[in-house]
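S.K.: Got a predicted structure here, sequence first:
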Amino acid sequence: MRREEVLKDIRERFKEDILDIIDKSPKRVYIEIKPDSIREVAKYIFKDLGARFNIASGVDAREHMEILYHFTFEDINLLISFRVKLEKSKLEIDSLASVFEGANWIEREIHELLGINFKGHPDLRKLLLPDNWPKGVYPLRRDYKEWDKKAIRDRGV
Amino acid sequence: MAKTIIPIGPYHPLQEEPEFFTLTVDGERVVDIDVRIGYNHRGIEKLSEMKTFDQSTFVIERICGICSTSHPFAYTRAVEDIIGVEVPERAKYIRTIIAEGERIHSHLLWLGLAGHFLGYNTVYMWAWKLREEILDVMEILSGNRNNYAMFKPGGVRRDIKSGDIPGVIKKIDSIVPTLTMLKKAVIDDPVLHARTKGIGVLSKEDAINYSALGPTSRASGVARDVRKDSPYGVYDKVEWDMIVTQNGDVFDKAVVRILEAFESIKIMKYCLLKLPKGEIDLNIKNIPPGEGIGHIEAPRGEVFHYVRSDGTNRPVRHKVRAPTFMNLPTYKATVVGETISDATIILAAIDPCYCCTERMAVRNIKGKKLYNGEDLIKLSQEKTEKVRRGLK
């Protein structure tokens, strides 16, 4: 499939789920979708269209939390990033780990660094932070104020 | 359960990505494996948000000492993607030269270590001696044996002097005969065949499912290489082959790396000979608000950087994904069912920063600890010796 066909296919199939499409450059497209539809969209992109899952990046955009799921279509040199915006009051999204194994670790990472819950993830243990890291402290959030050395010492980390 | 494990073996915080593996074994067979990473998590993503775009290049360079070019390469491309510019032609050539030199030395480093794990210390010595030559080349070109500091958003920091080029080409040519000998020694060796063929097989389906990258995926028949799929630098101008093998075992992973080193030499030489004249830097002053993605093929697979800018001189978010992050989880598919003595080489075959094996402990099903990292390397070497005697 060519680039236009892939984009048209996605646009038509997920008409209800897509909120916004930014066709940034020939190699990069950003598509914003509803958080509830990520599982279905990712499954179609990965299994049926054969795209490779690059990684997901979680961003604390102050007023909301964003996750970008990057997928590469290797044969047509296109990188599509699916963006979901999560309300800070409800940081929850479906896990993709059961769709493909590649999402397993990154979801654990986003879970501990940004505090987003991945529903249905098989194993949400700590990946990078020590086991005794305090609950409810998320280092990649904007409101993280743990630079104070004393605070870190007092916490015993 | 994880809390009762004491990491045995030397602890080298200087080496990147220390990992702690727990193998659960039933007799000789591995029945379960778990990994704990994060011992050396330096929070570089957060750190990068506190630096300016130019300073970040240096921080990013220090993510890994072995692939110290890959991260700045991906990062600068991400920043250039925000602005929507392409660097000057000469800068593209210089970037490609540095990136390929790094690939050669990284693959040789791995080959040496793999030889050591298998009890082939001659391979280890030869490979690392060859690596020295490449490091010398890098020193001539960039002034540093490692952490070359050549990259900046918009171009490169340092030009290659035309007077240096003949000497560099001569040096690169001089390693080809030894590398050819090494290739034959590895590919034709019956002991190595017995020891690595059919061991730790990563099937094509698993490689896709885990989104494995680089040589790890190419050895499993997944033809995936950012240099071909999404050409950057001058990879679309040079004639070179993507090395793909089908079996997915340790042997194929070694073959892919050795043959790739030859391709890298080819690319490097082409670039040095065809180096065009011109500017090396765009002198970027302002980075507009927006987001950009840069991904390039590092020796171990694709390095992926996502950068978001809000128009100030600092990135508001910088996501870094190293290839080992995707390759390491494949241990679940490759190690379970194999013997303990093969576990070291299987885990080393994805080319993680190798210290993982020194941080390994083996427990039997009842939870008793049996071996530490050094014992495992010894076990692996003894097995090779046994195979060798059997073949005579």
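M.R.: Received it, and whenever you're ready, just let me know what you need.
S.K.: Which segments of chain B make up each domain?
M.R.: B:2-40+B:326-391, B:46-199+B:263-325 (automatic domain parsing).
S.K.: Counting by contacts, list what the helix or strand in which B:Glu382 is found packs against.
M.R.: Under the criterion of DSSP states H and E, B:Glu382 resides in helix B:373-391. Contact partners of helix B:373-391 among helices and strands, from 3 or more Cβ pairs under 8 Å, 6 or more residues apart in numbering or on different chains; DSSP states H and E: helix B:89-117, helix B:190-196, helix B:340-349, strand B:360-364. To be clear about C-beta, it is placed using only N, CA and C from the backbone, and glycine gets the same treatment.
S.K.: what bridges to the residue nearest to the spatial centre of chain A?
M.R.: Most central in chain A under Cα atoms, centre = their mean is A:Ile67, positioned 3.6 Å from the mean C-alpha point. On the basis of DSSP bridges, A:Ile67 is bridged to A:Gly58, A:Val84.
S.K.: State the distance from it to B:Lys129.
M.R.: 47 Å (Cβ to Cβ, to the nearest Å).
S.K.: same question, B:Tyr306
M.R.: The value you get for B:Tyr306 to B:Lys129, if Cβ to Cβ is used, is 39 Å.
S.K.: Strands of the chain, start to end?
M.R.: Answering for chain A, as no chain was given. Assigned by DSSP state E, chain A shows strands spanning A:18-25, A:28-33, A:52-60, A:64-73, A:78-87, A:92-94, A:117-119.
S.K.: Let me rephrase: I mean chain B.
M.R.: With DSSP E as the criterion, chain B has strands spanning B:20-26, B:29-36, B:151-152, B:155-156, B:290-298, B:301-309, B:315-321, B:360-364, B:369-371.
S.K.: Could you please name the strands the third one pairs with and the direction of each pair?
M.R.: Each strand pairing with strand B:151-152, determined using DSSP bridges, is listed with its direction: strand B:155-156 (antiparallel).
S.K.: correct me, but B:Ile44 touches B:Ile63?
M.R.: Yes: B:Ile44 lies in contact with B:Ile63 (Cβ atoms under 8 Å); the separation is 5.9 Å.
S.K.: Who has more neighbours out of those two?
M.R.: Using other Cβ atoms under 10 Å in any protein chain shown as the criterion, B:Ile44 and B:Ile63 rank with B:Ile63 on top: 21 against 16.
S.K.: Up against chain B, what does chain A have?
M.R.: By Cβ under 8 Å from any Cβ of the partner chain, the residues of chain A that approach chain B are A:25, A:27-28, A:30, A:52-55, A:57-60, A:68, A:70, A:72, A:74-75, A:77, A:79, A:81, A:100-102, A:104-106, A:125-131, A:139-140.
S.K.: So, low pLDDT: which residues of the chain?
M.R.: No chain specified, so I'll use chain A. Along chain A, segments meeting pLDDT under 70 span A:146-157.
S.K.: you looked at the wrong chain, it should be chain B
M.R.: B:1-19, B:40, B:352-373, B:392.
S.K.: Identify the residue nearest the spatially most central residue of it in space, chain neighbours excluded?
M.R.: Geometric centre of chain B, nearest residue: B:Arg300, 3.1 Å, by Cα atoms, centre = their mean. Once flanking residues are discounted, B:Arg300 sits nearest to B:Pro323: 4.2 Å by Cβ to Cβ, 6 or more residues apart in numbering or on different chains.
S.K.: from memory the one you found sits against B:Pro329, does it?
M.R.: No: between B:Pro323 and B:Pro329 there is no contact under Cβ under 8 Å: 11.8 Å.
S.K.: Run a quick neighbour tally on residue 66.
M.R.: Using chain A. 17.
S.K.: Chain B, not that one
M.R.: 20.
S.K.: ok, B:Leu282 to B:Asp81 distance?
M.R.: When B:Leu282 is compared with B:Asp81 (using Cβ to Cβ), they lie 14 Å apart.
S.K.: for B:Leu23, which residues make a bridge with it?
M.R.: Beta bridges link B:Leu23 to B:Ile33, B:Val362, judged by DSSP bridges.
S.K.: hmm, back to that, so what's the residue nearest to the centre of chain A up against?
M.R.: Contacts for A:Ile67 (Cβ atoms under 8 Å, 6 or more residues apart in numbering or on different chains) come out as A:56-59, A:83-84, A:86, A:93, A:110, A:116.
S.K.: so can I have a markdown table of these showing distance to B:Thr384 and neighbour count?
M.R.: Below are the contacts of A:Ile67 laid out as a markdown table (distance: Cβ to Cβ, whole Å; neighbours: other Cβ atoms under 10 Å in any protein chain shown):
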| residue | distance to B:Thr384 | neighbour count |
| --- | --- | --- |
| A:Ala56 | 41 | 25 |
| A:Ser57 | 43 | 28 |
| A:Gly58 | 44 | 24 |
| A:Val59 | 48 | 22 |
| A:Arg83 | 51 | 18 |
| A:Val84 | 50 | 21 |
| A:Leu86 | 52 | 19 |
| A:Ile93 | 48 | 21 |
| A:Ile110 | 42 | 24 |
| A:Ile116 | 47 | 18 |
